[in-house]
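would you be able to build a 3D model of this:
(2 chains)
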2 protein chains.
Amino acid sequence: MAVYTDITEDELIRFLAAYDVGSLTSYKGIAEGVENSNFLLHTTKGSYILTLYEKRVNADDLPFFLGLMHHLAESGISCPLPLPRADGDLLGTLSGRPAAVISFLEGVWLRRPEAQHCRAVGRALASMHEAGRGFPLTRANALSVNGWRPLWQNSEARADEVQAGLREEIATELADLEARWPTDLPAGVIHADLFPDNVFFLGDRLSGLIDFYFACNDFLAYDIAVCLNSWCFEKNGAYNITKGMALLAGYESVRRLTPEEVEALPLLSRGAALRFFLTRLYDWLTTPAGALVVKKDPLEYLAKLRFHRAVASSGEYGLRREEASA
Amino acid sequence: MAVYTDITEDELIRFLAAYDVGSLTSYKGIAEGVENSNFLLHTTKGSYILTLYEKRVNADDLPFFLGLMHHLAESGISCPLPLPRADGDLLGTLSGRPAAVISFLEGVWLRRPEAQHCRAVGRALASMHEAGRGFPLTRANALSVNGWRPLWQNSEARADEVQAGLREEIATELADLEARWPTDLPAGVIHADLFPDNVFFLGDRLSGLIDFYFACNDFLAYDIAVCLNSWCFEKNGAYNITKGMALLAGYESVRRLTPEEVEALPLLSRGAALRFFLTRLYDWLTTPAGALVVKKDPLEYLAKLRFHRAVASSGEYGLRREEASA
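Predicted coordinates:
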């Protein structure tokens, strides 16, 4: 949540002249998106999001992100649509940064989602996976299994400051996941960060998915694992199997998981928990005290990791299989 | 610029039920207002600002601020209008904080205002002063001459950390201003913080004044002094007499200054410069390093203070008087 770059009204007006958006009537920096500066624009034609891509985003990845949003929107997925400039480009330059104008999606994200919303998210995730098939660009997942060890090496020496014994526990966990990580599950374009704040609802209807800036190519079921972690645990740390069941059933109403995916789900869920644990741990150890940034507690994901380690089969997440009762 | 408090969609929807604003379609925390949490709401009826008043604002002052905005809007001043609840109250409670829903004013603030904008601001300020006459509530200016010494005492011991010799210079300045501060100029409701980011324009037309959370009763000409400081200096520190002339002429096109006000303007301008110097100095010395808050440089206002000290008469600001050439 940040606005890193301010922009003057005359440079913004000049920038917007290349878009078919009418005349600017207001713009406000909004507290959304950690990596970029975002502004909500009002114009005589409607509302738009203006995103300035800050240094933490690799400019080479922008054609993938913007192209994907465009591809998904054209495939019927409700997501923000990058607007083309007069020259057809989806990307311009503002205040020395790559910048895009994106359609504004009405909706609110749910601070306290219920099972019915988990079902809708599962369905939307599977639809996104299906729609992603035709997208020609690819991007490796820098935060998958190969990325965890370098991330861990940045925090390892200080891990025990956060909790005694953490250094040894994570080292063991990481080695085990590296050794056992699957190599041949169904793969495709994944969102990779579909937390509740990236899913909008209008009333109880899912109105869209946002923030594709971690999207990449990886195992489709890994995306489900990210969602199980971020949607199906209660604030007190307990896994809510009703929500898990709803999310998985929603997903399978569009795309049925293969037996290999079903078997891999506990391991993928451990990996997803480790991934968010590691980035949070790094931010926790490096964000200066007193900074006005909400530090997200890495221990929340340590608890989830431990939960997944004890899961014997996907049935414990709420996945229903006829075979199970046969 | 901050969002201190997040709100859940269901508490917001319950809160909005008391207002005639239609159904919520989105809400975003916006990077505007230092003292409060602000959200831009979209509903089926339009756009609104939701303000949650945080601890730095004294809740006892809220009826003055909201009542004033209501009074000014009814008097034809373009400013945000607090919406009444079903029970007629302008103030509700949300997330344990006093909260108000306020009409959304289209417009952008000018990062680089020109003389014509200064003229418009002068005119709007005088119109606000005229419109404020009928407002029955009063609020003392806690940041006028009587408030400066307590503020100074919080920073005095460390002032030389910012610039050598500062401690002695400010002590002398403060004593001089206390001794010579006027006591009987025309007074009324002033904005007290009409910086460029609190004035909106649509094209070159002034579309409204915002942020009345420093408004109070004080000398009207002190409000002009605040504007001369915040609108009429260039980034390089030079006073721009063309802008000053435009601002003062704009003001006098609505309300002519008395001879006493004309005479007092250099002293009031020194006082206004000292007031912003002192609050910035305090924030400079107390904001932790690394905090994601833009620290405003107190030395900008020290330079302005020194400029005003050398001003012999209001003519040097660009005030035109027939007598001067007679």
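
could you chop chain A up by domain?
A:9-103, A:115-325 (automatic domain parsing).

what about the first one and chain B, touching?
I take that to be domain A:9-103. Yes: under the criterion of CB under 8 Å from any CB of the partner chain, chain B is reached by domain A:9-103 at A:9-10, A:12, A:24-32, A:40, A:42, A:47. Backbone N, C-alpha and C define where each C-beta goes, glycine included.

out of those residues, which are buried?
Among the residues of domain A:9-103 next to chain B, those classed as buried by neighbour count (16 or more other CB atoms under 10 Å in any protein chain shown) are A:9, A:12, A:24-32, A:40, A:42, A:47.

can I get those residues in CSV with pLDDT?
Shown next, in CSV, are these (pLDDT from 0 to 100):
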residue, pLDDT
A:Glu9, 91
A:Leu12, 96
A:Leu24, 97
A:Thr25, 97
A:Ser26, 96
A:Tyr27, 95
A:Lys28, 93
A:Gly29, 91
A:Ile30, 89
A:Ala31, 78
A:Glu32, 73
A:Leu40, 96
A:His42, 97
A:Ser47, 97
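
closest one to B:Thr51 out of these, please.
A:Lys28 (13.4 Å; CB to CB).

where do the helices of the stretch 151-300 of chain A begin and end?
Secondary structure of the stretch 151-300 of chain A by DSSP state H, counting those that start in this stretch: the helices cover A:159-162, A:166-180, A:220-231, A:241-252, A:259-286, A:298-309.

tell me which of the ones you listed is the most buried.
helix A:220-231 (a mean of 26; mean count of other CB atoms under 10 Å in any protein chain shown).

tilt between that helix and helix A:259-286?
Inter-element angle recorded for helix A:220-231 and helix A:259-286: 50 degrees (by axes from the mean of the first three to the mean of the last three CA atoms, to 10 degrees).

what is the rounded mean pLDDT of helix A:220-231?
Averaged over helix A:220-231, pLDDT sits at 98.

and that helix, how far from the chain's centre?
In terms of CA atoms, centre = their mean, to the nearest Å, the centre of helix A:220-231 is found 10 Å from the chain centre.

A:Pro113 in helix, strand or coil?
At A:Pro113 the chain is in coil, as set by DSSP: H, G, I helix; E, B strand; the rest coil.

identify the residues contacting the spatially closest residue to it that is not a sequence neighbour.
Leaving aside its sequence neighbours, A:Pro113 sits nearest to A:Pro196 (CB to CB, 6 or more residues apart in numbering or on different chains; 5.5 Å). Taking CB atoms under 8 Å, 6 or more residues apart in numbering or on different chains, we find A:Pro196 in contact with A:Trp109, A:Leu110, A:Arg111, A:Pro113, A:Ser230, A:Trp231.

pipe the residues you listed into CSV and attach distance to A:Ala215 per row.
Below are the contacts of A:Pro196 laid out as CSV (distance: CB to CB, whole Å):
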residue, distance to A:Ala215
A:Trp109, 18
A:Leu110, 21
A:Arg111, 24
A:Pro113, 21
A:Ser230, 16
A:Trp231, 18
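
and of those residues, the nearest to B:Arg119?
For the contacts of A:Pro196, the closest approach to B:Arg119 (CB to CB) belongs to A:Trp109, at 44.3 Å.

surely the closest one touches A:Phe201?
Yes: the pair A:Trp109 / A:Phe201 is scored as a contact, 7.4 Å apart, by CB atoms under 8 Å.

before we move on, back to that, out of the domains of chain A, nearest to B:Glu156?
Across the domains of chain A, B:Glu156 has its closest neighbour in domain A:115-325 (23.5 Å, CB to CB).

give me the distance from that closest one to the chain's centre.
With CA atoms, centre = their mean as the basis, domain A:115-325 stands 9 Å off its chain's centre.

restrict stretch A:297-304 to CA atoms and write it as PDB.
Taking C-alpha atoms only, stretch A:297-304 is exported to PDB below (Å, rounded to 0.1, in the frame of the first residue of the first chain):
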ATOM      1  CA  ASP A 297       3.500 -11.600  10.400                       C
ATOM      2  CA  PRO A 298       5.600 -14.400   8.900                       C
ATOM      3  CA  LEU A 299       4.600 -16.700  11.800                       C
ATOM      4  CA  GLU A 300       1.000 -16.800  10.400                       C
ATOM      5  CA  TYR A 301       2.500 -18.800   7.500                       C
ATOM      6  CA  LEU A 302       4.700 -20.900   9.700                       C
ATOM      7  CA  ALA A 303       1.600 -22.100  11.500                       C
ATOM      8  CA  LYS A 304       0.000 -23.000   8.100                       C
END
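
can you name the residues in contact with that stretch?
By CB under 8 Å, 6+ apart, stretch A:297-304 touches A:162-163, A:166, A:229, A:233, A:237, A:269, A:273-274, A:276-278, A:280-281, A:284.

with adjacent residues omitted, what lies nearest to the residue most central in space within chain A?
Centroid-nearest residue in chain A: A:Asp193, 1.4 Å away (criterion: CA atoms, centre = their mean). Using CB to CB, 6+ apart and skipping residues adjacent in sequence, the residue nearest A:Asp193 is A:Phe214, 4.1 Å away.

neighbours of the one you found, how many?
19 (other CB atoms under 10 Å in any protein chain shown).

just to check, A:Asp87 is in contact with A:Tyr19?
No: at 10.7 Å, A:Asp87 does not count as touching A:Tyr19 under the criterion of CB under 8 Å.

so which of those two has more stuff around it?
Set A:Asp87 next to A:Tyr19 and count neighbours by other CB under 10 Å: A:Tyr19 wins out with 18 against 7.

name the SS class of the more buried one, please.
A:Tyr19 - assigned by three-state DSSP - is coil.

just the element for A:Gly29, please.
Per DSSP states H and E, A:Gly29 falls inside strand A:24-29.

what's the angle between that strand and strand B:24-29?
Using the same axes, to 10 degrees: strand A:24-29 against strand B:24-29 is 60 degrees.
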